[in-house]
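A.B. asks: quick one, structure for this:
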Amino acid sequence: MAKQDTPPRWDRTMQQRLARGEAAALGEFYDRFASLVHGLAHRVLGDERAADGITREVFTHVWEHPDAYDPRQGPLRSWVAGLTHRLAVQRLRATETAALAQGGDGTAEELERKVRSASVAARADYIVTSMPAPLRAALDLAYFQRRDYRQTAADLGVTEDEARRRLRLGLQLLSTAQDTGRAVPPSPYGGAR
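C.D. replies: Just a heads-up that it's a prediction; the model follows:
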């Protein structure tokens, strides 16, 4: 059995290849993580052009500083998501602060509320894309396709108890996206009972 603190082989190998300056490694890295990076940046910033800029910054940083990733801190995917989130929030704060300084509408409290809201949304997106497929499928059926747990169980071909377990676990994972630790509010699209 492998040690828990040992990062996946792909992560270690990718970091080594990037450290050696292999351009092909950067291409593979980009192919694997570009949609994650762009999606998180867009979620925080709400602007396609700004998300493109953050995506470029993230991949430039990875190329120039491959040793910044510490495998003991978790998977490469999580590190890239954290880097993206940090850069996007910095950009959002800078943009909004500049708007406030130029006499724009809003206050510092509104800015912080906007940053917190964008951060929670980005974390929730990352959690959903990272969760195991069975949990993601159950949540999709229950919350976006308006299935109750019985219909979800039938659609997935699992027992009702298993469907409830998947939905409960998926919601528990999503609740960790909240800053305040509160549970995720019920979806307006329906939900499991």
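
A.B. asks: return the per-residue confidence for A183.
C.D. replies: Per-residue pLDDT puts A183 at 38.

A.B. asks: oh sorry, the question was meant for T95
C.D. replies: In this model, T95 is scored at 79, pLDDT.

A.B. asks: what helix or strand is the most centrally placed residue in the chain located in?
C.D. replies: Centroid-nearest residue in the chain, with CA atoms, centre = their mean: Y126, separated by 2.0 Å. Assigned by DSSP states H and E, Y126 belongs to helix 108-130.

A.B. asks: how about H85?
C.D. replies: Taking DSSP H and E as the criterion, H85 maps to helix 76-101.

A.B. asks: report the angle between that helix and helix 108-130.
C.D. replies: Angle, helix 76-101 to helix 108-130, by axes from the mean of the first three to the mean of the last three CA atoms, to 10 degrees: 160 degrees.

A.B. asks: list the buried residues for helix 76-101?
C.D. replies: Using 16 or more other CB atoms under 10 Å as the test for burial, helix 76-101 gives 76-77, 79-81, 83-85, 87-89, 91-92, 96. Every residue, glycine included, has its C-beta placed from N, CA and C.

A.B. asks: any idea which of the residues you listed is closest to R116?
C.D. replies: Ranked by distance to R116 (CB to CB), the buried residues of helix 76-101 are led by V89 at 9.6 Å.

A.B. asks: what residues are up against the closest one?
C.D. replies: Shown in contact with V89 (CB atoms under 8 Å, 6 or more residues apart in numbering): 44, 115, 118-119.

A.B. asks: can you put those in CSV and add pLDDT and neighbour count?
C.D. replies: Below are those laid out as CSV (pLDDT from 0 to 100; neighbours: other CB atoms under 10 Å):
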residue, pLDDT, neighbour count
V44, 86, 29
V115, 73, 17
A118, 75, 19
S119, 74, 19
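
A.B. asks: closest one of those to A19?
C.D. replies: Distances from A19 to those, taken by CB to CB, are shortest for V44, at 28.5 Å.

A.B. asks: so which strand or helix has the closest one?
C.D. replies: Judged by DSSP H and E, V44 forms part of helix 23-45.

A.B. asks: against which helices or strands is that helix packed?
C.D. replies: When contacts are defined as 3 or more CB pairs under 8 Å, 6 or more residues apart in numbering; DSSP states H and E, helix 23-45 packs onto helix 9-19, helix 48-64, helix 76-101, helix 108-130.
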